[in-house]
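Undergrad: fold the following and give me the result.
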Amino acid sequence: MNEIYCGLAFRYQIWKLFSHLNIREFIMPLTISHPIGKVPSFLELKKLADEHGVQINGNDQSGDFKHPDATGKYTFEKNGKIHGEFTATHTLGIVTGIYIILTGKVEVTITGKPFLMPEVMLKGKLSEGLTAFCAKFPAAT
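TA: Residues are numbered from 1 along each chain as shown. Below is the predicted model:
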């Protein structure tokens, strides 16, 4: 218990220092990868987006997406790769990152997060979301 208190006290002191310096985000890139069976098509992603209240403005080459909790951009490359960037809001602040979907895997790299957001919590939520997303696109049989 004492270790937890000391860790929180240390984080609070660093946060106070960053607040004084007007730094709101602590940037420490964090990448999570997950296997995916196949790269989804634009129509598959559009259908999934519609099911989750995500508005897509664009086509099968590039565009942007918007949800009350997140916004971002996407690009479909000729080699089948999909990549983009996103900004998501959280009660502790804003999370920013980039993503790439390749044959066989999805990678998400967090490029900015609120300083007080525990990395363990972020990794857990991100892994949970990637697992659910990748399960929707199994390998073709």
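Undergrad: CA atoms for contacts and neighbours, from now on please.
TA: Will do.
Undergrad: which residues of this protein fall in strands?
TA: In the chain, the strands defined using DSSP state E lie at 25-26, 30-35, 55-58, 62-67, 70-76, 82-90, 93-102, 105-114.
Undergrad: what's the least confident stretch among those strands?
TA: Across the strands of the chain, strand 25-26 has the smallest mean pLDDT, namely a mean of 50.
Undergrad: just to revisit the earlier point, adding mean neighbour count as columns, could you present the strands of the chain in CSV?
TA: Shown next, in CSV, are those (neighbours: other CA atoms under 10 Å):
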stretch, mean neighbour count
strand 25-26, 18
strand 30-35, 16
strand 55-58, 15
strand 62-67, 16
strand 70-76, 19
strand 82-90, 18
strand 93-102, 19
strand 105-114, 20
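Undergrad: which of those sits closest to Ala135?
TA: Closest approach to Ala135 among these is made by strand 30-35 (9.2 Å; CA to CA).
Undergrad: let's see stretch 39-54 as CSV, backbone CA atoms only.
TA: Output of stretch 39-54 as CSV, limited to C-alpha atoms (Å, rounded to 0.1, in the frame of the first residue of the first chain):
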residue,chain,number,x,y,z
VAL,A,39,-7.2,-6.5,-43.9
PRO,A,40,-10.8,-5.2,-43.9
SER,A,41,-12.2,-3.5,-47.0
PHE,A,42,-13.6,0.0,-47.0
LEU,A,43,-17.2,-1.4,-47.2
GLU,A,44,-16.5,-3.7,-44.2
LEU,A,45,-15.1,-0.8,-42.1
LYS,A,46,-18.0,1.5,-43.2
LYS,A,47,-20.5,-1.1,-42.0
LEU,A,48,-18.7,-1.5,-38.7
ALA,A,49,-18.5,2.3,-38.3
ASP,A,50,-22.3,2.6,-38.9
GLU,A,51,-23.0,0.0,-36.3
HIS,A,52,-21.0,2.0,-33.7
GLY,A,53,-22.2,5.5,-34.6
VAL,A,54,-19.0,6.6,-36.3
